[in-house]
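Trainee: need the 3D shape of this:
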Amino acid sequence: MVAGAVAWLGMLLAGSPAVAHPLSCTPAQGAYDIAFVFPGAPANPGIRMLELHRAADGSVSGWVTSDWYGRMTMQQIVVTPTLLSFDMRNLNTPGVPIRHWRARVRGQSVLLDGGIWESTVALTGHRATAAERTALTFHETTLPALGTLAPDGLALTPPMGWSSWNKFADKIDDTTIRAIADAMVSTGLRDAGYTYVNIDDGWQGGRGPDGQIRPNAKFPDMKALADYVHARGLKLGLYSSPGPRTCAGYEGSYGHVQQDANTFAGWGVDYLKYDLCSGEYFYADADTVQRSYYEMGVALRATGRPIVYSLCEYGRFHVGSWGRAVGGHLWRTTGDITDDYATMARIGFEKNGDPGDAGPGGWNDPDMLEIGNGGMSESAYRTHMTLWAMSAAPLMMGHDVRTTSEAAKRLLENRGVIAIDQDVRGVQGKAVRKDGGSEIWLKPLAGGAYAIALFNRADAPVTLTLRPADIGLESFTAMRDVWTGVALDPQVSTFTVPANDVVLLQVRGDAMARRPV
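Mentor: Numbering: from 1, shown residues only. Next up, the predicted model:
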C-alpha cells in the first residue's frame, strides 16, 4: 500500500478501531462515521465540513456542509483507500446540473476539490474533533404547510421609493441612508410620491446568543435610523433571504424567520425585500419556494405591523399566480437589471410578467430604476420610465439621490407619467401592435382615459401611425403628450419617434358604435 493510503487510513481509523479498511465499500468492513473540517475556507460558499457514513449493511452516504447551502448531499459516492469521489447538485449553470468532487489524502491532510455555481473549491482540511463536528453541524428547519393569506390593504398602487443596491451594492451605512432621506425631501422626490428608503443587502451583522439578528457596525442603531426616516415623511425598508446567506454573503433568515420578522417590526421597518439567494439550494421546486415565502408572509402578518412584502425569486414558477396568496405585494419577474439599454429593454418589453397577475395590492416587479446612474442616454431613460409606468411597475429609484441631475429629476418627477403608473384602476399595460422594432402599448386608466405609448426600439427614427381602432375607439376626442404636458390635436395620427425613445400620450375618445348583427 502506498504511503498516502497508509496515512489516509490512519486518519480514518483514529476513533474507529473496528474498521480494517473504512474506505472500502465491501460489507465485511463494518460501519464507520467520520468527518473532516476545513479551517480558513473562503466565505463563499463557506465549505466547513465533510462527513462520510457507512452503515452496517455497507451502504455509504455523505454530506458537505457549507455556510451558504447547509448540508449538501453527496451522490454517486465511490470510496477507495486513497480517494473519495462523489457528485453534488449544482446551481444556475445551464447544462451542468451536477458537479464532480473528490477528496484525497496528502500526508496528514485531506484535499477537497469541486465546485458549485460560480465557486471553485480547493481546500485542505483535517480530521474533525468531536467539538469541531458539533460546532459545525448544520441544523435544518422545516417549512410550514402552504396556506393562503387574505389581502391586507397595502400597496393598492405600485410602491415608489429608493433602494440602495444599484448604486451602492453592500457599501452602505447609516450616514448615507440619512443623507439619502434628506435628499429625497430636498429634491422634491418625496413629494412626487417616492416614499420608501430601502436598505438592500449589506446591513446585517451576526446573531446574539438569543439568536436575534444585529445590524453590523455600519448601522449602530436601526431603530434610531427608522425614526429619522419616518420623521421626514418617509418609510424604511430592509432586505433578507430565506437562506442562511444573502446574495452578498450576509446573515439570512434561515431558521429565524419569525424572530427576524419580530425584530424588523420592532425597529419600525415598513418594507421587506426577501431574496431567494442561498435559499435556492434548499428550496428548488415550486412547492418549497412557495412555502418559504409563505413562511415569511405569515411571520410578517403575525407582527401586527403593516409591512410591504417584496418577493424576489426572479420570476420562477410563475410567481405572479401565487405571490398574493403568500402575502406578497410585489414580486420580481426577472433577474437583476443593469444600467444599459439592451438589458433594460429586454426586461421591460419581455420580462415584466403576466398583466393578468397585476392589480391593486399585488404587482409584477421588473426590478429597480436605473435613471440617474449614467449608463444610458436620456431617450433610453425616458423609455425606461415609460415602460415601468405603462407596466404599473413599482418605481424604486437606484441612483445616488444626493447628486440627482436636472435631467434625471425631469424624468423621475414627471407627475403625468407617475399618475399613469399610480392609476387606481391598477391595470398593467401591454402591447396592442408590434411592427419590427416598433410597439404600441395601451393602458386603460380610471375615469375612462387611456395611456398610449409609442415605442421605438430601433437605432434610427421611425414614423408611427396611431389609429383609434388600435385601442377600440371610433375616434379620439382629446390627446395630450404626457412627457411635455402639451395638448395635441386629437386628429393627429402620425408621430416621429427618435431612436430608442418613446412618445407617451393620454387620450380620450368615442367608443365604436355597435354594428348590427
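Trainee: which helix runs longest in this protein?
Mentor: Once the chain is assigned using DSSP state H, the helix that runs over the most residues is helix 286-302.
Trainee: contacts for that helix next, please.
Mentor: Taking contacts as CB atoms under 8 Å, 6 or more residues apart in numbering, the residues outside helix 286-302 that touch it are 143-147, 149, 152, 242, 253, 257-258, 260-262, 264-265, 272, 274, 276, 279, 282-283, 307, 309, 311, 313, 316-317, 322-323, 325-328. Where C-beta positions appear, they are placed from N, C-alpha and C, glycine not excepted.
Trainee: buried stuff in it?
Mentor: Across helix 286-302, burial judged by 16 or more other CB atoms under 10 Å covers 289-301.
Trainee: just the contacts of helix 286-302: which are in strands?
Mentor: 272, 274, 309, 311 (DSSP state E).
Trainee: in the stretch 401-517 of the chain, mark out all the strands, start to finish.
Mentor: Chain-ordered strands for the stretch 401-517 of the chain, with DSSP state E, counting those that start in this stretch as the definition, fall at 430-435, 438-444, 450-456, 462-465, 473-481, 487-488, 494-497, 501-511.
Trainee: tell me the angle the third one makes with strand 438-444.
Mentor: For strand 450-456 against strand 438-444, the angle between stretch directions is 160 degrees (axes from the mean of the first three to the mean of the last three CA atoms, to 10 degrees).
Trainee: show me what strand 450-456 is packed against.
Mentor: Strand 450-456 sits against helix 378-390, strand 438-444, strand 462-465, strand 494-497, strand 501-511, with contacts defined as 3 or more CB pairs under 8 Å, 6 or more residues apart in numbering; DSSP states H and E.
Trainee: just the buried subset of the contacts of helix 286-302, please.
Mentor: Neighbour-count burial (16+ other CB under 10 Å) is assigned, among the contacts of helix 286-302, to 143, 149, 152, 242, 253, 257, 260-262, 264-265, 272, 274, 276, 279, 282-283, 307, 309, 311, 313, 316, 322-323, 325-328.
Trainee: sorry, back to before: which one of the ones in strands among the contacts of helix 286-302 is nearest residue 447?
Mentor: For the ones in strands among the contacts of helix 286-302, the minimum distance to residue 447 (CB to CB) is 29.9 Å, reached by residue 309.
Trainee: packing partners for the helix or strand containing residue 84?
Mentor: Counting by DSSP states H and E, the element that carries residue 84 is strand 83-89. On a contact count with 3+ CB pairs under 8 Å, 6+ apart, strand 83-89 meets strand 60-66, strand 70-73, strand 75-79, strand 98-106.
Trainee: out of these, which one sits most buried?
Mentor: With neighbours defined by mean count of other CB atoms under 10 Å, none of these is more surrounded on average than strand 60-66, at a mean of 20.
Trainee: who does it pair up with?
Mentor: Within its sheet, strand 60-66 is paired with strand 47-54 (antiparallel), strand 70-73 (antiparallel), according to DSSP bridges.
Trainee: which of these sits closest to residue 200?
Mentor: If you check each of those against residue 200 by CB to CB, strand 70-73 wins as the nearest, at 23.6 Å.
Trainee: point out where the chain drops to low pLDDT.
Mentor: Low-confidence segments of the chain, defined by pLDDT under 70, span residues 1-30, 512-517.
Trainee: mind redoing it with 90?
Mentor: Where the chain drops to pLDDT under 90, the residues are 1-32, 57-58, 80-82, 92, 105-108, 470-472, 492, 511-517.
Trainee: just so I have it, where are all the helices in the stretch 101-250 of the chain?
Mentor: Under the criterion DSSP state H, counting those that start in this stretch, the stretch 101-250 of the chain carries helices at the ranges 130-136, 165-168, 174-186, 222-230.
Trainee: so of the ones you listed, which one's packed in deepest?
Mentor: Across the helices of the stretch 101-250 of the chain, the average number of neighbours (mean count of other CB under 10 Å) peaks for helix 165-168, which reaches a mean of 22.
Trainee: send the alpha carbons of that one over as PDB?
Mentor: This file holds the C-alpha atoms of helix 165-168, laid out as PDB (Å, rounded to 0.1, in the frame of the first residue of the first chain):
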ATOM      1  CA  TRP A 165     -28.300  48.200  -4.300                       C
ATOM      2  CA  ASN A 166     -28.000  49.600  -7.900                       C
ATOM      3  CA  LYS A 167     -25.600  52.400  -6.800                       C
ATOM      4  CA  PHE A 168     -24.000  51.200  -3.600                       C
END
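Trainee: centre of the chain versus it, how much separation?
Mentor: Between the centre of helix 165-168 and the centre of its host chain there is 14 Å, according to CA atoms, centre = their mean, to the nearest Å.
Trainee: stretch 364-371 now?
Mentor: 11 Å.
Trainee: and the end-to-end length of that stretch?
Mentor: One end of stretch 364-371 to the other measures 19 Å (CA to CA, to the nearest Å).
Trainee: same question, stretch 194-209
Mentor: 38 Å.
Trainee: got the buried residues for it?
Mentor: Quick answer for stretch 194-209 (16+ other CB under 10 Å): 194-204.
Trainee: closest one to residue 181 out of these, please.
Mentor: Ranking the buried residues of stretch 194-209 by separation from residue 181, with CB to CB as the measure, puts residue 197 on top at 5.2 Å.
Trainee: list the contacts for the spatially most central residue of the chain?
Mentor: To find the centre residue of the chain, average its C-alpha atoms and take the closest one (CA atoms, centre = their mean): that gives residue 312, at 3.3 Å. Contacts for residue 312 (CB under 8 Å, 6+ apart) come out as 273-276, 331-332.
Trainee: repeat that with 7 Å
Mentor: Taking CB atoms under 7 Å, 6 or more residues apart in numbering as the contact definition, residue 312 lies against 273-276, 332.
Trainee: what about the nearest residue to it once chain neighbours are set aside, neighbour count?
Mentor: Closest residue to residue 312 in three dimensions, ignoring its sequence neighbours and counting by CB to CB, 6 or more residues apart in numbering: residue 275, at 4.2 Å. Burial of residue 275, expressed as a neighbour count using other CB atoms under 10 Å, amounts to 24.
Trainee: where's residue 275 relative to residue 341, distance?
Mentor: Distance of residue 275 to residue 341, computed by CB to CB, to the nearest Å: 25 Å.
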